[in-house]
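Undergrad: the sequence and its predicted three-dimensional model are supplied below.
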Amino acid sequence: QVHLVESGGGLVQAGGSLRLSCAASGRTFSTYAMGWFRQAPGKERRFVAAIGRGGSTFYADSVKGRFTISRDNAKNTVYLQMNSLKPEDTAVYCCGANSDTAYVRTAAKYDYWGQGAQVTVSS
């Protein structure tokens with residue numbers, strides 16, 4: 001069992017930055033790929049970024065070059081640094097843990113989810 005808790009969301013102006021954190025319980029954190037997904041009102045959950053067990057990173061085209069995902073296995077934490085934020089980045093951001101590391105872009109393949117953190121970008 002893995003329990004995930006996100007933090008770091010908030011309100012920011014367009015062009016600003018935020019860093020999300022996702023703290024995981026349990027001693028098996030390093031065995032999971034970790035991902036960030038976002039869901040805007042009335043829309044489906046969409047892939048944002050993921051990081052594999054060995055540190056390989058994956059990004060949605062819409063955030064590539066602006067967002068950076070990283071992980072600290074000693075702290076059981078995954079981060080999402082978001083720069084040059086746009087109003088269309090507004091959503092609830094959720095982190096997930098995925099034992100099936102071949103499908104990091106697919107929400108249905110994730111085993112555990114956090115509750116989510118609201119990110120609002122004003123124009």
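TA: Looks like it arrived, so ask away.
Undergrad: separation between the most centrally placed residue in the chain and Lys43?
TA: Nearest residue to the geometric centre of the chain (Cα atoms, centre = their mean): Trp36, 2.2 Å. Going from Trp36 to Lys43 by Cβ to Cβ, to the nearest Å gives 16 Å. For the C-beta atoms, the positions are set from N, CA and C on the backbone; glycine is no exception.
Undergrad: list the buried residues in stretch 22-41.
TA: 22-24, 29, 32-38 (16 or more other Cβ atoms under 10 Å).
Undergrad: filter those residues down to the ones in strands?
TA: 22-24, 33-38 (DSSP state E).
Undergrad: quick one: which of these is nearest to Asn98?
TA: Nearest to Asn98, judged by Cβ to Cβ, of these is Ala33 at 4.5 Å.
Undergrad: residues in contact with that closest one?
TA: Shown in contact with Ala33 (Cβ atoms under 8 Å, 6 or more residues apart in numbering): 50-53, 97-99, 101, 104.
Undergrad: try Leu11
TA: 120-122.
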